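>>> need a 3D model of the sequence below.
(chains A and B, ligands or ions: 2)
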Amino acid sequence: MNPRIVFALVCRYLFLYTRNWVRLAEVVFWPTMELVTWGFLTRYLDSKMGGGEAGPFTWLLGGVIFWDVMFRSQQGVALSFLEDVWTRNLLNIFVAPVRPAEYLASAFGIGLVRIAITVLILWSLSWVFFRFNLLDIGPALVPFFGCLLVFGWAIGMFATALIMRFGQAAENLAWAVPFLIQPLTAVYYPVAVMPGWLQWAALTLPSTHVFEGMRGVMAGLGFSWSHFAWAVALNAVFLLLAALFYGRTLATVRAKGLLTKVATN
Amino acid sequence: MNDTPVIEAIHLRKTFGETVALEDLSLSLPRNEILGLLGVNGAGKTTALNILLGLTTPTSGSLRLFGRELRTHRVEILRRCNFASAYVALPGNLTVGQNLWTFAQLYGVKNHRAKVTELLEHLEIPHLRKRVTGQLSAGEATRVQLCKAFLNDPELLLLDEPTASLDPDISDKVRTFIRARQRERQTSIVYTSHNMRDIEEVCDRLLFIHKGRVVAAGTPAEVLALFQRDSLEDVFIQIARSEAGDVFAAAPAPK
Ligand SMILES: Nc1ncnc2c1ncn2[C@@H]1O[C@H](COP(=O)(O)OP(=O)(O)O)[C@@H](O)[C@H]1O
Ligand SMILES: [Mg+2]
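Residues are numbered from 1 along each chain as shown, chains lettered A, B, ... in the order given. Ligands and ions are numbered 1, 2, ... in the order given. Purely as a prediction, here's the structure:
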């Protein structure tokens, strides 16, 4: 792994933002809209059923922010690949002395940058307008965010591999995959409301353990080491599976000569 | 001096399902030689280049670059190669300078600022450095790509129709540049083109591919003699209109 190469690939992506304000707007716009919607819902629910300053439903805003961490992370990975497809630059990158691991590391780095921007915006907006201070969650934020970031990488790799294999027809997958996971991973409601068999499925996702853990912390139950341990272990499994899938897909794509197809169509 | 061939391909074959894109390609490219790959659309030129670049894996056959197996030494080999194609672009939303900086980093180019300046000047486009790549004309974009292709002083350069979509003036400049650079650094080049002028002026040796197999090989003069034609254009047309295997069928009697 050569850090110079990873750095160059990340910079290349950041150059895009300096050149195109519409892109930056995109990073700001969607999370803001989402936060406002959920913010008012939270306020409404609190006024109906709770009352007081920090009402019992503010954890919904925590859900919004946590969800966005995962979503932006996976998007960062898939987008950095799609960007190369859209700009017909993919072949230049693939014939450069860049290892797949370096390419992925840069995509991960881009995921990290996108998250940093999103979280900063959501944290300040939710604090100013809805009196929800993310930092109230305390040091548990770090492991929680870390787990979501890594899970985002894993599903980003799955999405990227599918786009490589099935071309731009699979592009929508880059956006769809997280929404396949969303209902299952208990972002805005506890796992307990699901039917038993679905709970079991939900708990195979590392993100579910993070969301459960977050609600626990916000309810004053303290940091759940067992949820954290599950999240880490499951992440390791997903990351490994994603890497295997990515590697296999790359081999298939080389055999079928699809790299040039994806890149030049 | 090291005389390991830069490319040593033996019986490369590539099929895509039922389609045989490359029937049987063997070639050995020494240092300091420009090899032209010619053939009609669909002959298998791009497939051959993609195999040489590791973008496509051959169905069978063996391929060594700089004496090493491409499959197992990919990154190490690619560091010594480069590539430009009419069908590939540099990100249009970055400036020329940003794009070249990125590739200089990827290839680990030393003194990259000086290198970029020197190449842009040689290509007569130093004024483009701050321009947005996507707004360049075809001729300008091609020259920027060539700048990228020569950044790492490649020992092996693969060019897929570099002059496609260029006007004769720019084509001529591009050919002159490639030839001059190549002589200076003794680069080995594989060059595909439909432009016979290109091939005649640039290439030391030719490989005519038709329906995935090599139907003629040699220096331009040798190929002309073999087909008893006055121009490569005539040879091209004769091969294009023949069935695979009997490319000489339509050849006129010796003069
Ligand atoms: N990825 C691919 N999948 C299926 N068929 C392909 C693929 N790439 C090329 N071919 C086929 O292989 C043949 C050679 O194509 P190509 O190498 O692109 O020719 P050229 O570059 O000489 O025009 C053509 O018949 C083409 O349709
Ligand atoms: Mg071609």
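
>>> what stretches of chain A score poorly on pLDDT?
Along chain A, the model assigns pLDDT under 70 to residues A:50-56, A:262-265.

>>> quick check: the residue of chain A nearest ligand 2.
Nearest residue of chain A to ligand 2, counting by CB to the ion: A:Thr260, 9.3 Å away. C-betas here are computed from N, CA, C, even on glycine.

>>> would you agree that residue is in contact with B:Ile51?
No. Counting by CB atoms under 8 Å, A:Thr260 stays clear of B:Ile51, with 11.0 Å between them.

>>> comparing the two, which residue is more hemmed in?
B:Ile51 (26 against 23; other CB atoms under 10 Å in any protein chain shown).

>>> which strand or helix spans the one residue sitting closest to the centre of chain A?
Among the residues of chain A, the one closest to the centroid is A:Met70, at 2.4 Å (CA atoms, centre = their mean). Element membership for A:Met70 (DSSP states H and E) is helix A:59-86.

>>> what are the buried residues along that helix?
A:59-85 (16 or more other CB atoms under 10 Å in any protein chain shown).

>>> and what of stretch B:207-226?
B:207-217, B:220, B:223-224, B:226.

>>> ok, the residue of chain A closest to ligand 2 - contacts?
A:Leu91, B:Thr46, B:Asn50, B:Leu55, B:Thr56 (CB atoms under 8 Å, 6 or more residues apart in numbering or on different chains).

>>> ok, now with 10 Å
If you count contacts by CB atoms under 10 Å, 6 or more residues apart in numbering or on different chains, A:Thr260 has them with A:90-91, A:94, A:253, B:46-47, B:49-50, B:53, B:55-56, B:85, B:87-88, B:160.

>>> just those residues that are near ligand 2?
B:Thr46 (CB under 5 Å from the ion).

>>> out of the contacts of A:Thr260, which sit inside helices?
Members of the contacts of A:Thr260 lying in helices (criterion: DSSP state H): A:Leu90, A:Leu91, A:Phe94, A:Val253, B:Thr46, B:Thr47, B:Leu49, B:Asn50.

>>> any regions of chain B where pLDDT drops low?
B:1-2, B:243-255.

>>> what does it put close to ligand 1?
B:Phe16, B:Thr19, B:Ala21, B:Gly39, B:Asn41, B:Gly42, B:Ala43, B:Gly44, B:Lys45, B:Thr46, B:Thr47 (CB under 6 Å from any ligand atom).

>>> neighbours of the fourth one, how many?
The one in question is B:Gly39. Neighbours of B:Gly39 under the rule other CB under 10 Å: 23.

>>> how about B:Gly42?
Count around B:Gly42 with other CB under 10 Å applied: 13.

>>> ok, it - contacts?
B:Thr19, B:Ala21, B:His210, B:Lys211, B:Gly212 are the contacts of B:Gly42 under CB under 10 Å, 6+ apart.

>>> list just the nearest of those residues to chain A.
Of all these, the one with the least separation from chain A (CB to the nearest CB) is B:Ala21, at 7.7 Å.

>>> picking that back up, what helix or strand does the residue of chain A closest to ligand 2 sit in?
Assigned by DSSP H and E, A:Thr260 falls in helix A:258-264.

>>> what about B:Arg241, distance to A:Leu149?
60 Å (CB to CB, to the nearest Å).

>>> which one's more surrounded, these two?
Between B:Arg241 and A:Leu149, counted using other CB under 10 Å, the more crowded position is A:Leu149 (20 against 11).

>>> quick check: phi and psi at the more buried one.
phi -60, psi -50 (degrees, to the nearest 10).

>>> now do the contacts for it.
A:Val69, A:Met70, A:Arg72, A:Ser73, A:Gln74, A:Gly76, A:Phe108, A:Gly111, A:Leu112, A:Ile115, A:Asn235 are the contacts of A:Leu149 under CB under 10 Å, 6+ apart.

>>> any chance of a markdown table for those, columns distance to ligand 1?
A markdown table is the format used below for the contacts of A:Leu149 (distance: CB to the nearest ligand atom, whole Å):
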| residue | distance to ligand 1 |
| --- | --- |
| A:Val69 | 38 |
| A:Met70 | 35 |
| A:Arg72 | 33 |
| A:Ser73 | 32 |
| A:Gln74 | 28 |
| A:Gly76 | 29 |
| A:Phe108 | 29 |
| A:Gly111 | 30 |
| A:Leu112 | 34 |
| A:Ile115 | 36 |
| A:Asn235 | 35 |
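
>>> so how far is A:Ala116 from A:Trp67?
Counting by CB to CB - A:Trp67 and A:Ala116 are separated by 16 Å.

>>> which of the residues of chain B next to ligand 1 lies closest to A:Ser226?
Distances from A:Ser226 to these, taken as CB to CB, are shortest for B:Phe16 (50.9 Å).

>>> contacting residues around that closest one?
A:Ala255, A:Lys256, A:Gly257, A:Leu258, B:Leu22, B:Thr47, B:Thr56, B:Thr59.

>>> please redo it, this time with the cut-off set to 7 Å
Contacts for B:Phe16 (CB atoms under 7 Å, 6 or more residues apart in numbering or on different chains) come out as A:Lys256, A:Gly257.
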